[in-house]
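[1] Quick one, fold the following:
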Amino acid sequence: MSEQPAPAARQPLEPPAADAVRSYAAAERAKTDTLASVLEDIATNGYPAPETGVLWETARDAHLATLADEQARVA
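    Numbers count the residues shown, from 1 in each chain. Got it, this is the predicted structure:
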């Protein structure tokens with residue numbers, strides 16, 4: 001994306017906020033690239049064998065545990 005000045009109808013972000021938005025965009029782009037890679041692999045090679053997968057309950061519990069660890073703690 002080109003570095004163009006903001007149109008008059010827009011209010012520019014402060015540099016820290018702009019950096020945070022760029023960081024979020026980069027993280028979302030990386031997740032999208034990962035998903036696209038998985039879909040391309042499935043299209044090329046077919047679905048993986050069920051025996052090699054992870055049960056959804058196991059994946060869910062691991063994700064919930066990660067979320068619980070990330071929550072802010074109040075002292």
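
[2] quick one, strands of this protein?
    Using DSSP state E, no strands are found in the chain.

[3] what about the helices in it?
    Secondary structure of the chain (DSSP state H): helices at 15-45, 56-70.

[4] Show me the one of those helices that comes nearest residue 4.
    Residue 4 sits nearest to helix 15-45 of all the helices of the chain, at 13.7 Å, using CB to CB. In this view, the C-beta of every residue, glycine as well, is placed from N, C-alpha and C.

[5] and that closest one, what other elements does it pack with?
    Helices and strands touching helix 15-45, by 3 or more CB pairs under 8 Å, 6 or more residues apart in numbering; DSSP states H and E: there are none.

[6] Please spell out which residues along the helix-or-strand element of the chain with minimal mean pLDDT are buried.
    Ranking every helix and strand in the chain by mean pLDDT, DSSP states H and E puts helix 56-70 at the bottom, with a mean of 90. Residues of helix 56-70 include none that count as buried (16 or more other CB atoms under 10 Å).

[7] From the chain's centroid, how far away is it?
    A distance of 16 Å separates the centroid of the chain from that of helix 56-70, by CA atoms, centre = their mean, to the nearest Å.

[8] cool, stretch 9-26 as well?
    17 Å.

[9] Likewise for stretch 49-59?
    Distance, centroid of stretch 49-59 to centroid of chain: 21 Å (CA atoms, centre = their mean).
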